Structure formats: structure tokens, C-alpha cells
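Enquirer: coordinates only, sequence not included:
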């Protein structure tokens, strides 16, 4: 579960800093370090991440969504997440496999 949380945190950080310019501001230095550490952690555990089945990911999302406040907007987000997260994670894992250097990858994503 820690690895999944780390993965989701890294994906959020990518979204935050990828919108930055080619020279990220100094407040993204922390995001750069987190990006590199996150990619390193995921690379070390890529086999474990790959072994998690789609069913297990949906089960985890169901658990999180059931713990969230029962608001219509949250239900909508949860339904979209179930449909899109699996595909996104598989594409992200392929990206990590093909870009094995965390420093280079985070730089290419304009986070560092």
C-alpha cells in the first residue's frame, strides 16, 4: 500500500510541476528531489508494482472511495478514476521501464 501511495503522490507531483516552464522556480526543487526519489523507489520495486493486478487496483480504489465523504462529485471522480487509473498506471509503468534514469526522466518532464 505504501508503494501505491508513493506512486500516486509521484503522479500528482508530475502533474503539478509539468505545467512549469523549462526553468522551474526554486520552490520546485523539492518536487525535483521527490520526483527523483519516487522514480528510484518505483524502479527498485517495479516487479512488485507490475504484479498488482487490475482487480487489486480497483479494489483499492473502491476502499478509498468508500472512506471518502459520500458526495456526488466524489462518486463521479471515483467512477472516472476506476476507468482511467488502470490504463494510466500501465502507461506510466511502460514509461518508467523505457526511461530508467530518474534524474534524466524528471528533467525531461521539466520538473528539475
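Expert: Now that the structure is in, tell me what you want to look at. Owing to the predicted nature of the structure, the values given are computational and were not obtained by experimental measurement.

Enquirer: what about the nearest residue to residue 35 once chain neighbours are set aside, neighbour count?
Expert: In this structure, residue 35 finds its nearest non-sequential neighbour in residue 106, 4.0 Å apart by Cβ to Cβ, 6 or more residues apart in numbering. No exception for glycine: its C-beta is placed from N, CA and C like everyone else's. By other Cβ atoms under 10 Å, 25 other residues sit near residue 106.

Enquirer: do I have it right that residue 106 meets residue 39?
Expert: Yes. Assessed by Cβ atoms under 8 Å, residue 106 is found in contact with residue 39 at 6.7 Å.

Enquirer: what helices or strands is the host helix or strand of residue 31 leaning on?
Expert: Secondary structure assigned from DSSP states H and E places residue 31 in helix 29-44. Judged by 3 or more Cβ pairs under 8 Å, 6 or more residues apart in numbering; DSSP states H and E, the packing partners of helix 29-44 are helix 2-18, helix 72-98, helix 102-108.

Enquirer: list the buried residues of the helix or strand that that helix is followed by.
Expert: Later in the chain than helix 29-44, the nearest helix or strand by DSSP H and E is helix 46-51. Buried residues in helix 46-51, counting neighbours by 16 or more other Cβ atoms under 10 Å, are found at residue 49.
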